[in-house]
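>>> Fold the following and give me the result.
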Amino acid sequence: MAAELAPAKTFHPFMERYEHEYHCLCHGSGVREVLGGLCSSFHDMGTGRSRSGRAPEIAYLVARDIVRTWRAMGRIDPDLVLTCGNAGDVRKAISASLLRGRGVLHIEQDIYNPIEMIAFADIITAPSGEYRDYLEEEYLLENVEVIGGYPHALHVRDLGLTHRGGGDFILLVLGGDLKGEDIPGVMGMVGALNRKVVVVPFRFSSDYVRGLAGSRDVRVLAGFVDLPSLMRDADLMIYGAGMGVTIEAAVMGVPSIKLRGFHRRHASVDLAESVGIPVAGADDLPFIVDDLKPPRSGGLVKKAERAVDNIGRIVESFDDISGPRGGLGSMRRIWNARKKF
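Residues are numbered from 1 along each chain as shown. Sure thing, here's the model as predicted:
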């Protein structure tokens, strides 16, 4: 399986429940910490793209990492490749799988903004029938199976962490829903709240973000971060991230605000609104930060149980139900849609 941190948390419950020989193609930090006891081997497939990188540089790095992934896949010789999410790990793993002639099962959660290479997955899963219909109608995908939930929720439950607060700080998570030009405004508005703030700059340079902290009360972390533990202790969380953090906030009951980033339409926005997490711009923070309630879990854990069982069923019957792939027509549809993001 190919995973960066958030997809690793999606795969974890399935791997615990279903006994197979697993090998992990790691993308970025934190994957080994999540899947360490479940994988027979780990292989580095590179890191995420830079928000400030130029297109030729990014293209070179992606091509280099696809070759690295292709070589690692040759050593593993997998029967099936599992991918999840809409980041570079999916693009690289599916590209390498095509070159190696390996089947791909892709767990899709972002729906409105998938990675274009899922057009070449043999089976794609969706968390609901409504989302399946969207993938089929908008992107001409024919091989979509409904699993009925988000497996990540089981991983969060099994951590045994629930929100307790009392840490006397706001947790600010700067993730993939934000662009570089958003960060100064977000940091300025959060700093103006006159509260202690702990910042996790997942997608951005910690030095860059630290330079925007206009107060000693703002602490910027660097390196791998145990985000769930910080979420447990924070008084509240403000985040510009997607599905993974939204699921964790809902299951743990963390009072939260999801920043309205450049994804105007996104499955994580749908989920946030359904569990009672407000979606707001940075300018709105002073008006809502003192009136937050814990989100509702919305039955996420029960639905996750069903989703894991359905993934197990799909894996066991993969050869019988896989295909047809969307191919170039689907790829073009997805690529044109991603230009809006």
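
>>> any idea where the helices of the stretch 1-150 of the chain begin and end?
Ranges of helices within the stretch 1-150 of the chain are 5-17, 31-35, 55-76, 88-100, 129-139, based on DSSP state H, counting those that start in this stretch.

>>> Export those to a markdown table and append columns for mean pLDDT, distance to Asp158 and mean neighbour count.
Where you see a C-beta, it was placed from the backbone N, CA and C, and this is true even at glycine. As requested, the helices of the stretch 1-150 of the chain are exported to a markdown table (pLDDT from 0 to 100; distance: least, C-beta to C-beta, whole Å; neighbours: other C-beta atoms under 10 Å):
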| stretch | mean pLDDT | distance to Asp158 | mean neighbour count |
| --- | --- | --- | --- |
| helix 5-17 | 94 | 7 | 24 |
| helix 31-35 | 90 | 11 | 18 |
| helix 55-76 | 90 | 27 | 15 |
| helix 88-100 | 94 | 23 | 23 |
| helix 129-139 | 96 | 25 | 16 |
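
>>> Please identify which of these is closest to Leu221.
With C-beta to C-beta, the closest approach to Leu221 among the helices of the stretch 1-150 of the chain belongs to helix 5-17: 14.8 Å.

>>> With distance to Glu181 as extra columns, can I get the helices of the stretch 1-150 of the chain in a markdown table?
Formatted as a markdown table, the helices of the stretch 1-150 of the chain follow (distance: least, C-beta to C-beta, whole Å):
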| stretch | distance to Glu181 |
| --- | --- |
| helix 5-17 | 24 |
| helix 31-35 | 29 |
| helix 55-76 | 17 |
| helix 88-100 | 21 |
| helix 129-139 | 28 |
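
>>> quick one, which of these is nearest to Leu292?
That would be helix 5-17 among the helices of the stretch 1-150 of the chain, by C-beta to C-beta, at 23.4 Å.

>>> Quick one: work out the angle between that closest one and helix 88-100.
60 degrees (axes from the mean of the first three to the mean of the last three C-alpha atoms, to 10 degrees).

>>> Use 22 as the first number from now on
New numbering, starting at 22: the last item is helix 26-38.

>>> From the contact counts, what lies against helix 26-38?
Under the contact criterion of 3 or more C-beta pairs under 8 Å, 6 or more residues apart in numbering; DSSP states H and E, helix 26-38 touches helix 52-56, strand 101-105, strand 124-128, helix 173-180, helix 264-273, helix 321-337.

>>> among the ones you listed, which is the most enclosed?
Counting by mean count of other C-beta atoms under 10 Å, helix 264-273 has the highest mean neighbour count of those, with a mean of 27.

>>> and that one, C-alpha only, in CSV?
Extracted C-alpha coordinates of helix 264-273, given in CSV (Å, rounded to 0.1, in the frame of the first residue of the first chain):
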residue,chain,number,x,y,z
MET,A,264,-10.8,15.0,5.7
GLY,A,265,-8.4,13.4,8.2
VAL,A,266,-8.4,16.2,10.7
THR,A,267,-12.2,16.7,10.3
ILE,A,268,-12.8,13.0,11.1
GLU,A,269,-10.4,13.2,14.1
ALA,A,270,-12.1,16.3,15.5
ALA,A,271,-15.6,14.8,15.2
VAL,A,272,-14.7,11.5,16.8
MET,A,273,-12.7,13.1,19.6
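
>>> what's in contact with it?
Contact partners of helix 264-273, identified using C-beta atoms under 8 Å, 6 or more residues apart in numbering, comprise 26-27, 30-31, 130-131, 171, 173-174, 177-178, 182-184, 194, 196, 248-249, 252-253, 258, 260, 275, 277, 279, 288-289, 292-293, 296, 298, 316-319, 321-322.

>>> swap in stretch 328-336?
34-35, 38-39, 41, 101, 126, 128, 144, 146, 148, 166-172, 175, 342.

>>> mean confidence score for it?
Averaged over stretch 328-336, pLDDT sits at 97.

>>> how far does that stretch sit from the chain's center?
Remark: stretch 328-336 is offset 19 Å from the chain centroid, using C-alpha atoms, centre = their mean, to the nearest Å.

>>> I'd say Ser116 and Ile139 touch.
No. Using C-beta atoms under 8 Å as the test, Ser116 is too far from Ile139 to be in contact (11.5 Å).

>>> Verify the stated contact: Pro28 with Asp131.
No. Counting by C-beta under 8 Å, Asp131 is not a contact partner of Pro28; they are 11.1 Å apart.

>>> Could you double-check that Met36 sits in contact with Tyr43?
Yes. If you go by C-beta under 8 Å, Met36 and Tyr43 touch, sitting 5.7 Å apart.

>>> Could you tell me which residues touch both of the two?
Jointly contacting Met36 and Tyr43 under the rule C-beta under 8 Å, 6+ apart are Leu56, Leu59, Cys60.
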